[in-house]
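**Student:** using only what follows, build the 3D model:
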Amino acid sequence: MADDLSTLKDDMTAFIEGHGMRRLPAYVDYDQVQAVMWKHSDNPDGWKDFVELAKAAGATFLTMDDWVLEREELDDLLERVRTAHYTNEEDIEEVRWLRAYLDKTGFLQLGWAYQGTLFLYEASTEWYERYQRIVELLDDFGGITIDESDQEDEH
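**Tutor:** Sure, this is the predicted structure:
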């Protein structure tokens, strides 16, 4: 998979519109709705099969979402990593490493509904997966704080 999915997004847009379908700019959170994820194969153009299946099922539009790494998000992530109690220099360096991907598209999602179920296709880059891992780590441990003054009061 490429480091920037913007060309793939352009190809998807042209292919979808070429099939006479519309695009709804929306992200589908598959944790919130009944969804079926497209199983990736060795075919890098498998997304075309996904679009053609949507068309065959009578879908007139697909949802489409993309995610681009922006400087503000990366700066916020770096600050969160620096101020977290459990991170180390390797975590900070990994966030700095992501600077090479500023303004690049790291994630794409297509979706369509059929009989109450959403069918989804997702593509992502390796760097986007690393970004998400850091965000999830911060979210999982971000709510845990150690308040030393409370510990001293107990003694």
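
**Student:** in the protein, where's the longest helix?
**Tutor:** When the chain is parsed with DSSP state H, its longest helix is helix 126-142.

**Student:** so what's the gap between that one and the chain middle?
**Tutor:** How far helix 126-142 lies from its chain's middle: 11 Å, per CA atoms, centre = their mean, to the nearest Å.

**Student:** residues of that helix that come out buried?
**Tutor:** Across helix 126-142, burial judged by 16 or more other CB atoms under 10 Å covers 127-128, 130-131, 134, 137-138. C-beta coordinates here come from the backbone N, C-alpha and C atoms, glycine included.

**Student:** sketch out the low-pLDDT regions of this structure for me.
**Tutor:** Along the chain, segments meeting pLDDT under 70 span 1, 142-155.

**Student:** report the central residue of it.
**Tutor:** Central residue of the chain (CA atoms, centre = their mean): Phe107, 4.7 Å from the mean position.

**Student:** just list whatever residues bridge to that one.
**Tutor:** With DSSP bridges applied, Phe107 shows beta-bridge pairing to Trp67, Ser124.

**Student:** contacts only, for it.
**Tutor:** For Phe107, the contacting residues are 5, 65-67, 122-125, 128, by CB atoms under 8 Å, 6 or more residues apart in numbering.

**Student:** ok, it to Val95 distance?
**Tutor:** For Phe107, the distance to Val95 equals 17 Å [CB to CB, to the nearest Å].

**Student:** for Asp49, same thing?
**Tutor:** For Asp49, the distance to Val95 equals 36 Å [CB to CB].

**Student:** can you give me the strands in the protein?
**Tutor:** Using DSSP state E, the strands of the chain run over 22-25, 35-37, 61-68, 105-114, 117-124.

**Student:** can you redo the ones you listed as CSV with distance to Asp11?
**Tutor:** Below are the strands of the chain laid out as CSV (distance: least, CB to CB, whole Å):
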stretch, distance to Asp11
strand 22-25, 13
strand 35-37, 21
strand 61-68, 12
strand 105-114, 10
strand 117-124, 11
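
**Student:** and these, which is most packed in?
**Tutor:** strand 105-114 (a mean of 21; mean count of other CB atoms under 10 Å).
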